[in-house]
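Trainee: Take a look and give me a structure for this.
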Amino acid sequence: MKSIRITEKNIPLAFAIITLLAYGLLLPSAGFYWDDWPFAWTAKFLGPGEFIPGFAPFRPFLGPIFLATTSLIPPVPLCWQIFALAIRFIIGLSAWWMFKQIWPDRPRAALIASLFILVFPGYSQHWVALTHINQELIPFIFYLLSFGFTFKALRAERPLPYTIIAVLLQICGIFPTEYFFTTEALRFLFLFFHFQENFWTRLTKTFKVWWPYLLIWVINAAWLFYYYKFGAYNSYGIAIDDTKTASTLSLLSIPDALFKVGYYAWVQILVLAGQTITAPSTLGTLALIVFAFILLAYYLLKFDSQAVLAKVVQKDTFAIQIIMIGLLGILLGRIPSWAAGLPLNLQSTNDRFMVSMMIGGSLFVLGLIELIKHERAKIYVTAFLIALGVGQQFYNANIFRRDWRAQQDIYWQMAWRIPDMLPGTLLLTHELPLEYETDFSATAVLNWIYAPDFTPPDLPFALMYTRTRLGGPKLPDLKPGTATIFPYRTVTFRGDTSASITIYAPTSGCLRVLDPVYANDLMYERYTRFLKDSIPLSDPSRIITTGKDMPVMPEGLFGKEPPHTWCYYYEKAELARQAGDWELVARLGDEAIAQGYTPSDPYEWIPFIEAYALKDDLNKAEKYTRQAFNADGKPGTGLCQLWERVQAKGLVGSGAEFTAAKMLSELGCIP
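Mentor: Take a look at the predicted model:
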């Protein structure tokens, strides 16, 4: 039987399989995160053309990229996740083509380096698709292709057309974002090591090829200097002038970047998996790593590179050269985020800065592998590292899947509790229990849900985190009547604190609308001041309780309406209580309990207890009062206030009057 051979013709299929394993298995369960929401909202309600003025004060050359992609792709999470998968596949192929042009006699090294870039485990932001495809990954593709065309021009009989293409691609890669400001130096290094003469001849030939790209880099540097100098460019608050910060970063950034990008990022999945080794998602991740390792080892062992290695007498220095380029690539790639005073943290939004270190990190690891003399051992190590990258990205996908589900849960609860709101309403909370969103993200969601017919320029709704906004220009203080202004790219929310509603979403429990009567600051006295201090401002009357049962929730964004479990009944009961329909509150409680639903947070018993007491169902009122009081995190103050309200109804001689007195005594409410 003829031996199986895998050739370069099979590489696109291999890239497609690895892309699907790393990024595609949980694709339908991913959504919008971070700035995806405001970008999607802008595309939907203001139109793709709005990205041009929207990015003018920040990254003006990003606007055309957003305009092009949002004109083609609808603001639906699934569409953007599919597009992200395609972009990842294109990145892998672009890197492979680039390395083939740089190392035409080393096809196996080109393949491995591009696979490392494809699954690079230090970059976890793939699923923030709408934002990072446009902001980083498309410019990254331009830069990869630009490098490739530079080396294609070196071997062409007519190099000028390829050089022009390379320069144009460089412009498209470097001007939209400062992420790749220092990436240009890698082209110089690749060229320098490409030439084989003595040092000065190499240097001369390198500059002879590199000068057009250097000119573009200088023009870009002048452009960035202009924006930084005159304050128009406001992507980050530059901390380089802060002597203490700059000194600390100078001392720590070099070893920190080398450790994280050159080593820890590649093995971090083993550490993360060890923390939750018995979790189903962890076991699935480990199984995927094993499967990917077997697949990759077989593929690489069977790969027929048909290499035509250069016949040189001297010792091959390829591995050392690649290690040197990799180390310099890591450090150069760190400079833009270092200059902005930003930390390099793995498994956080800050690991997006690793996109500029992907090439360096991948080449550094490749160089270390090239030092291994035993060919089969080299293949097994390579397959293992790529498999770890596949597992890391699957692990990341699970994190984003859980966050998307948490988002959908919160917004469905909000829709059940708040059918509609008066325009100009500001929602306040200290923060939402979401990992990959901010109040800036949630403001887009609010307006998507409650202002489906929005027309600019005044944004009707906003959500602000008091923990981060209080004391700043958007939320100066929590005094009644304080003006609040929330600029939102090209539109603005204008309101005041007296037209606000305070909400609270616990990590375990249901979304709550807080207010000075039924859920006041005394009841939440043990909570953070950023939440507690906003409660006296809360005005639930801004919630429109009549006219419609709930807002329209687009299925493409929020999925189908979830099953009606405890939180559905709680939210509807709170809405009924606000409308004064205690009979409906009691009926909803009976329905929930009859189906076996109970709260995970004892605070959520309160509206039902009060309804039972007022409807003279005192046995239930007493039962659930004791149950709530004896639970962990007991809402003692809230229960006391509840029975005081019942007692204040003045039901003289009734069972409710007697029960209220008994409960107040039993709960220790009466000194």
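Trainee: Sticking with the nearest residue to residue 273 once chain neighbours are set aside, tell me its helix or strand.
Mentor: Nearest residue to residue 273, sequence neighbours excluded (CB to CB, 6 or more residues apart in numbering): residue 282, at 5.0 Å. C-beta: built from backbone N, CA, C; applies to glycine. Using DSSP states H and E, residue 282 maps to helix 280-302.
Trainee: In that helix, which residues are buried?
Mentor: 281-282, 284-286, 288-289, 292-293, 295-297, 299-300 (16 or more other CB atoms under 10 Å).
Trainee: just checking, what packs against the helix or strand just after it?
Mentor: Where DSSP H and E defines the elements, the next helix or strand beyond helix 280-302 is helix 318-339. Applying 3 or more CB pairs under 8 Å, 6 or more residues apart in numbering; DSSP states H and E, one finds that helix 318-339 contacts helix 184-194, helix 243-259, helix 358-370.
Trainee: between the last one and helix 184-194, what angle do the directions make?
Mentor: Which is helix 358-370. Relative orientation of helix 358-370 versus helix 184-194 (axes from the mean of the first three to the mean of the last three CA atoms, to 10 degrees): 30 degrees.
Trainee: For helix 358-370, enumerate the helices and strands it packs against.
Mentor: So helix 358-370, by 3+ CB pairs under 8 Å, 6+ apart, packs with helix 107-118, helix 318-339, helix 375-417.
Trainee: Please identify the buried residues of it?
Mentor: Residues 358-370 are the ones in helix 358-370 that count as buried (16+ other CB under 10 Å).
Trainee: these two touch, right, residue 285 and residue 269?
Mentor: Yes. Counting by CB atoms under 8 Å, residue 285 touches residue 269, with 7.0 Å between them.
Trainee: anything in contact with each of those two?
Mentor: Taking CB atoms under 8 Å, 6 or more residues apart in numbering as the contact rule, residue 285 and residue 269 both touch 391, 395.
Trainee: where in the stretch 551-671 of the chain is pLDDT low?
Mentor: Along the stretch 551-671 of the chain, the parts satisfying pLDDT under 70 run over 632-634, 650-654, 671.
Trainee: how does it look with 50?
Mentor: 652 (pLDDT under 50).
Trainee: Which parts of it are helices?
Mentor: Under the criterion DSSP state H, counting those that start in this stretch, the stretch 551-671 of the chain contains helices at 555-558, 566-578, 582-594, 606-614, 618-629, 636-648, 655-666.
Trainee: Of the helices and strands packed on helix 318-339, which is nearest residue 92?
Mentor: Between residue 92 and those, the shortest gap by CB to CB is with helix 358-370, which sits at 11.3 Å.
Trainee: If you average the pLDDT over that closest one, what comes out?
Mentor: Mean pLDDT, helix 358-370: 94.
Trainee: now that helix against helix 107-118, angle please.
Mentor: Using the same axes, to 10 degrees: helix 358-370 against helix 107-118 is 130 degrees.
Trainee: now helix 358-370, how far from the centre of its chain.
Mentor: Mean C-alpha position of helix 358-370 versus that of the full chain (CA atoms, centre = their mean, to the nearest Å) differs by 27 Å.
Trainee: Give me the contacts around it.
Mentor: With contact meaning CB under 8 Å, 6+ apart, helix 358-370 is reached by 109, 112-113, 116-117, 120, 122-123, 140, 183, 186, 261-262, 265-266, 318-333, 354, 378, 381-382, 385.
Trainee: repeat for stretch 639-646
Mentor: 520, 522-523, 606, 609-610, 613-614, 625, 628-629, 656, 659-660, 663-664, 667, 669.
Trainee: if we go to 6 Å?
Mentor: 606, 610, 613, 625, 629, 656, 660, 663, 664, 667, 669 (CB atoms under 6 Å, 6 or more residues apart in numbering).
Trainee: I'd like the distance from the first one to residue 293, if you could.
Mentor: Distance check for residue 606 against residue 293: by CB to CB, to the nearest Å, it reads 54 Å.
Trainee: Residue 472 now?
Mentor: From residue 472 over to residue 293 (counting by CB to CB), the distance is 50 Å.
Trainee: Doesn't residue 20 lie inside a helix?
Mentor: Yes. Under DSSP: H, G, I helix; E, B strand; the rest coil, residue 20 sits within a helix.
Trainee: give me the number of residues near the residue nearest to it when sequence neighbours are not counted?
Mentor: Leaving aside its chain neighbours, residue 20 sits nearest to residue 85 (7.5 Å; criterion: CB to CB, 6+ apart). Neighbourhood size, residue 85 [other CB atoms under 10 Å]: 19.
Trainee: now swap in residue 579 and tell me
Mentor: The burial count assigned to residue 579 is 13, neighbours taken as other CB under 10 Å.
Trainee: what sits against it?
Mentor: Applying CB under 6 Å, 6+ apart, the residues contacting residue 579 are residue 545.
Trainee: where does it sit relative to residue 550, distance-wise?
Mentor: For residue 579 relative to residue 550 (CB to CB), the value is 14 Å.
Trainee: Please apply the same query to residue 535.
Mentor: Counting by CB to CB - residue 535 and residue 550 are separated by 25 Å.
Trainee: more crowded one of these two?
Mentor: Applying other CB under 10 Å to residue 535 and residue 550 shows that residue 535 carries more neighbours, namely 21 against 18.
Trainee: Distance of that one relative to residue 36?
Mentor: 31 Å.
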